[in-house]
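> I need the structure of the sequence given here:
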Amino acid sequence: MMGIVHTLVVEGKHDRAFLERYTSGWPIFERYLLDETDGQPENAEWVAGLTGSGR
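Numbering: from 1, shown residues only. Now for the predicted structure:
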């Protein structure tokens, strides 16, 4: 799920206004998702490494 959300965000296919208005903590989650907090983007490649599924 993290990999999918990462892709939607970097491709601009998410509704930022909706997320900011109707969710709690979106700005914090977005910074984590895009690697601004831990240096690791939570993208599809990262997920594949965790699951062993490859691409």
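
> can you pull out the strands in the chain?
Listed from the start of the chain, the chain has no strands (DSSP state E) to report.

> how about low-confidence regions in it?
53-55 (pLDDT under 70).

> got the residue ranges for the helices in it?
Assigned by DSSP state H, the chain shows helices spanning 2-10, 16-22, 26-33, 44-51.

> dump the residue contacts of L33.
L33 makes contact with M2, V5, H6, V9, P41, E42 under the criterion Cβ atoms under 8 Å, 6 or more residues apart in numbering. C-betas here are computed from N, CA, C, even on glycine.

> Could you do F29 as well?
With contacts taken as Cβ under 8 Å, 6+ apart, F29 has no neighbouring residues.

> ok, it to H14 distance?
Per Cβ to Cβ, to the nearest Å, F29 is found 11 Å from H14.

> just G3 next, same as before
Separation of G3 from H14 (Cβ to Cβ): 14 Å.

> Which one's more surrounded, those two?
Neighbour totals were compared for G3 and H14, and G3 leads with 18 against 15 (other Cβ atoms under 10 Å).

> Next one: the more buried one from G39, what distance?
With distances taken as Cβ to Cβ, G3 is found 17 Å from G39.

> What of M2?
In this structure, M2 and G39 are separated by 15 Å, where distance is defined by Cβ to Cβ.

> which one of these two has more residues nearby?
The residue with more neighbours, out of M2 and G39, is M2; 16 against 6, by other Cβ under 10 Å.

> Setting the sequence-adjacent residues aside, check what's closest to the more buried one.
Leaving aside its chain neighbours, M2 sits nearest to E42 (4.2 Å; criterion: Cβ to Cβ, 6 or more residues apart in numbering).

> who's in contact with that neighbour?
E42 is in contact with M2, G3, V5, H6, Y32, L33, D35, counting by Cβ under 8 Å, 6+ apart.

> for L8, same thing?
With Cβ under 8 Å, 6+ apart as the criterion, the residues that contact L8 are H14.

> Next, find the distance separating it from G52.
Distance check for L8 against G52: by Cβ to Cβ, it reads 24 Å.
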